[in-house]
Structure formats: C-alpha cells, structure tokens
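Asker: Could you look at this predicted model? Sequence included:
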Amino acid sequence: QQQVKQSPQSLIVQKGGISIINCAYENTAFDYFPWYQQFPGKGPALLIAIRPDVSEKKEGRFTISFNKSAKQFSLHIMDSQPGDSATYFCAASSDTGRRALTFGSGTRLQVQP
Amino acid sequence: NAGVTQTPKFQVLKTGQSMTLQCAQDMNHNSMYWYRQDPGMGLRLIYYSASEGTTDKGEVPNGYNVSRLNKREFSLRLESAAPSQTSVYFCASSVTFKGNEQFFGPGTRLTVL
C-alpha cells in the first residue's frame, strides 16, 4: 500500500519557469513532510521540510505548500534553473507512531536552457 | 567529516551467493537505515536501527538481515541473493529516529544474475 502518492512522474520546464510537484498522503498521523533532491549517481539530500502547524515554508527559490484538510503537499521551484534538474522525492513520517520515512515514487525534473 | 560511507560501490552476484553491504557514519548519529531504490518505486525501507542495540523491519525486509555493529556501523546482509534483489542500496543516518534530516550515503549498485 503506497501511503504517499507523488505526481507527476516526470516534468520538463523551461529555464526561469515554475516547477510544481505534488504529493498526497493517506495516514493522518503523519506529521513531518520533507522533500529530498537526488542527482544521478548520488544519494538523496534533504531540500526542505515542513510540519503541519504551518501552511507554507519558503527557502530561497523552494517553497512547500501544505494543505492538511486535503492531505496534500507540494513543492514549488521558482525561477527553475538547469542545475535544478534532478529527481525529487516527497516523504512523510509520524513521530508519535514511530514510523520511519515513507517516500513517494519520485519526480524526474528536467529544466531546459 | 566523511558523512555516510558505503562499500562496495558496485557488486555483481550470482543467484544464491551471499554478501554483506557495509555502512558507516561519523556524525555520531543514533539512527541508521537501509533503503533500496528501484525505478518508479522511490526509496523503500528495508531495515532500520532507531538506536544502537536495536533493529526493526521496514517495508521490504524479506531476504535481508542487518547488524548494528556499534554506533557507527550498520551492515546489510543478503544470505542467498535473488535477481529480485537487483537494486541500488542506500544507507542513511539521522540524529534521532523522529522527524530529523536523514543523511544518505552514495549507494551500492547491486546486480544479481
């Protein structure tokens, strides 16, 4: 049972455009929602994370929007650059339920120059 | 600091052979994890160790065993490799188990013929 559903599977954006990746979760006990970035041949690295007490978190060009009632969260990359081309994973975990991170299936982003 | 290191980087096995994947971290983290990454399926948790001396099954533990040798080291063993275990394996660590950034190693690409 996939508890975190991620879309789209792949995304092509022009340089300077906005990249949007969406995730939906099922387990209402989830209370930590990170996004990881992975370049080819490397391990994933934390990009940005949010907890459900806020609806939005921004770090530079990267923003997480969180909708608790809809059980959805999304990553927005503003002014997308070719260096942002990577695979992005959303994830979720529950502190109270002692559940480790559950990852989405990933989105391969390609930013064209 | 080297962060999280994994050996080997690449490995080819024949069906039925056994091998151990090694992982070490130098960040004094309490929690360590083993994931496998397959195309279109994101990262799936195999086993984790919330703290030294404890190990727990993740989402896909069948066919694997783990050992938390000490605080630094967490190994993954395949007793009798199968082609379905062809994958990229990542080790990760975090300060504690709950809601903290996980730091990933560079991965081991395993092929089972």
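Answerer: Nice, thanks for sending it over.

Asker: give me the residue from chain B nearest chain A.
Answerer: Of all residues in chain B, residue B:104 sits closest to chain A, at 3.1 Å by Cβ to the nearest Cβ. (Glycine included, C-beta is placed from N, CA and C.)

Asker: Touching, that residue and residue B:91? I think so.
Answerer: Yes. Counting by Cβ atoms under 8 Å, residue B:104 touches residue B:91, with 7.3 Å between them.

Asker: how close does the residue most central in space within chain B get to residue B:2?
Answerer: The centroid of chain B falls nearest to residue B:34 when counting by Cα atoms, centre = their mean (2.8 Å). Shown here: residue B:34 relative to residue B:2, a distance of 18 Å by Cβ to Cβ, to the nearest Å.

Asker: How about residue B:103?
Answerer: Taking Cβ to Cβ, one finds residue B:103 at 11 Å from residue B:2.

Asker: Same question for residue A:18.
Answerer: Counting by Cβ to Cβ, the gap from residue A:18 to residue B:2 is 37 Å.

Asker: Settle it for me: which of the two has more neighbours?
Answerer: For residue A:18 versus residue B:2, neighbours defined as other Cβ atoms under 10 Å in any protein chain shown are more numerous around residue A:18 (13 against 9).

Asker: Chain neighbours aside, what residue packs nearest to that one?
Answerer: residue A:78 (5.8 Å; Cβ to Cβ, 6 or more residues apart in numbering or on different chains).

Asker: isn't the one you found right up against residue A:58?
Answerer: No. The criterion here is Cβ under 8 Å, and residue A:78 misses it with residue A:58 at 9.1 Å.

Asker: picking that back up, spatially nearest residue to the residue of chain B closest to chain A, not counting backbone neighbours?
Answerer: Spatial nearest neighbour of residue B:104, chain neighbours left out: residue A:43 (3.1 Å); criterion: Cβ to Cβ, 6+ apart.

Asker: For whatever residue of chain A ends up closest to chain B, what are phi and psi?
Answerer: At 3.1 Å from chain B, residue A:43 is the closest residue in chain A, using Cβ to the nearest Cβ. Dihedral angles of residue A:43 (phi, psi; degrees, to the nearest 10) stand at phi -80, psi 160.

Asker: For stretch A:37-47, give me every contacting residue.
Answerer: Contact partners of stretch A:37-47, identified using Cβ atoms under 8 Å, 6 or more residues apart in numbering or on different chains, comprise A:34-36, A:62, A:75, A:86-89, A:106, B:4, B:43, B:90, B:92, B:101-107.

Asker: again, 6 Å this time
Answerer: The contact list for stretch A:37-47 (Cβ atoms under 6 Å, 6 or more residues apart in numbering or on different chains) reads A:34, A:35, A:36, A:86, A:87, A:88, B:90, B:101, B:104, B:105, B:106, B:107.

Asker: how many neighbours does the residue of chain A closest to chain B have?
Answerer: Neighbours of residue A:43 using other Cβ under 10 Å come to 23.

Asker: ok, and for stretch B:59-72, which residues are buried?
Answerer: Residues of stretch B:59-72 classed as buried: B:59, B:60, B:61, B:64, B:66, B:68, B:71, B:72 (neighbour count, 16 or more other Cβ atoms under 10 Å in any protein chain shown).
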